[in-house]
Every structure is written in structure tokens, then in C-alpha cells.
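S.K.: what shape does this take:
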Amino acid sequence: MVRQLDLTAAQSAAQQLLPVGPALWAATALLLTAGAAVAGWGLLGHGRAVLRAGARAAVQLAVVALVIAWVVGSMWTSALFVLVMFVVAVRTAGRRMTEGPGWWWAVLPIGAGVLPVLALLLGSGLLPWRGLSVIPVAGILIGGALTATSLAGRRALDELRQRRGEVEAALALGFEDRDARLEICRTAAATSLVPALDQTRTVGLVTLPGAFVGMLLGGASPVEAGSVQLFVLVALLLVEAVAVLLVLELVGRGAVTG
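M.R.: Have a look, this model is predicted:
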């Protein structure tokens, strides 16, 4: 009964936001084509990547929509689905950081940020033990950790390559390997927190996040929707800060190399 009510509320919210039909599909295709054309015309080097990303998103969302309807009925299948999301995030973030064999180290920054927050939410009872509640929250946290991990790793390694001479100079001055690397790449990697900081600073003024809008459309009061969204944003700041810190430690110790 609860599951049916949840699904009914979700369907009602979707109808209020954007009507699903041929017009929406046509607009989506048009926007995707325009995005690829702009990227190609501007010589950004990602024209085909935009098309591939859009097509891949369409297929993945279609599959996930069918799968979620089945997995939310049980906490065991929901937990398995979250595990799949986690594995994909580790693989994606790791490959974004490096093409070397050390990509699997991404499990640490993503896991160390996400797992304690989920454990706190479930253990305290703030997050109900239901798939329809756990999967979206876990997805938001894992997605934030993925972004922070891949950005921090990429920026740290790029900085070390570009400023290799400064690293060697620091070593000549008596710095340990780890300290020399961190002295050069810490500032660049820390900028990976800027998107999360900007989103939190401008929430309600510039951006209206999905969780907030979704709860309002689902019938929650503005206070309830705002409180939940604030918690999500604060949790993301913690998750991403932990991810960046651990990525820096991995790069500093040479576990992840360019």
C-alpha cells in the first residue's frame, strides 16, 4: 500500500513538472542535437561525446526505470542496486583520474564519504528502510563523491605534470615525496569543491534542486522540502570534502599516478 502511494505521488509530480509524450521526446532530441552541434562548431572536441552521452543516458534511464520498479520492493534487492551504483561510480571516477592500474583506489574516497553518511541516516531512523527512500539518497551521495573524486584526481595529476620542476625543487629542499607533491597539487585539487559550494550558496536563489522541487510537487510543505534539501546539500559537502582529501592523500603517496 505504501509503495503504491509513493508511486502515485511520483506520477502526479511528474505530470505537474513536464508532460511526458512526443513533444518532450522531440524537444530532448532537438536539444541534444543542438548541444552536439555547438560543441562541434566551437571545436571543443566533444561533439560526438555529447551525442554518445545523450544516447547512453536514454538507454540507461529506460533500463533503470524498469529495474527500479522491481528492486524497490525489497531492501535486499535495493541494497544490491546501490552496490551496483557504487561499483560503477568507482570505475568511472577511477578511469577519469588515471588510465593506469591504480584506478581502483577510487573505492576509498567514494566509500569513505558515502558509507558513514548512509549508516548514520539508516541507523538513526532518519532514512526509512525502504528502497524508494534509500536508492535516491544513495544515488545523490554517490554521484557527488564520483564528481569530487574524478575532478580532484584529474586536477591534482595535471598540476603535478605541469609543475614537475617545482616538485623536484621541493625534493631538493628536503621535502618528503608526499609533502612535495601535496605542496604543488593541493590548491588545484581543492577547487573540486567549488561546484558543491556554489550550489549550496545559491540554493533557492539561483538553483532549485531536484529533491526540493520533487518534494513540493509530491505534496510536502515548503518547510519539509527545504529541511530535507538543506540536509542533502550539507551531506554532499561532507562527502565531497572527504573524497577530495583522500584523493590528495592517494596522489601524494603515489598510489594514483598519471
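
S.K.: any low-confidence regions in the stretch 51-200 of the chain?
M.R.: Of all residues in the stretch 51-200 of the chain, none has pLDDT under 70.

S.K.: those helices in it, which residues are they?
M.R.: Along the stretch 51-200 of the chain, counting by DSSP state H, counting those that start in this stretch, helices occupy 75-97, 107-124, 131-162, 164-172, 177-190, 194-202.

S.K.: identify whichever of these lies nearest to residue 28.
M.R.: helix 131-162 (20.7 Å; Cβ to Cβ). From N, CA and C alone the C-beta is placed, and that goes for glycine too.

S.K.: enumerate the positions of that closest one that are buried.
M.R.: 131-135, 137-142, 144-157, 159-160 (16 or more other Cβ atoms under 10 Å).

S.K.: to residue 69, which of the helices of the stretch 51-200 of the chain lies closest?
M.R.: Using Cβ to Cβ, the nearest of the helices of the stretch 51-200 of the chain to residue 69 is helix 131-162, at 10.2 Å.

S.K.: now do that closest one against helix 107-124, angle only.
M.R.: Calculated by axes from the mean of the first three to the mean of the last three Cα atoms, to 10 degrees, helix 131-162 forms an angle of 150 degrees with helix 107-124.

S.K.: now render the helices of the stretch 51-200 of the chain as CSV, adding distance to residue 42.
M.R.: Listed next are those as CSV, based on distance: least, Cβ to Cβ, whole Å:
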stretch, distance to residue 42
helix 75-97, 22
helix 107-124, 32
helix 131-162, 22
helix 164-172, 31
helix 177-190, 25
helix 194-202, 22
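
S.K.: to residue 56, which of the ones you listed lies closest?
M.R.: helix 75-97 (11.9 Å).

S.K.: can you tell me what sits against the closest one?
M.R.: Contact with helix 75-97 is made by 67-68, 70-72, 102-107, 109-111, 114, 129-131, 134-135, 138-139, 142-143, 145-146, 149-150, 153-154, 157, 247, 256, as judged by Cβ atoms under 8 Å, 6 or more residues apart in numbering.

S.K.: to residue 40, which of the helices of the stretch 51-200 of the chain lies closest?
M.R.: Judged by Cβ to Cβ, the one of the helices of the stretch 51-200 of the chain that comes nearest to residue 40 is helix 75-97, at 22.5 Å.
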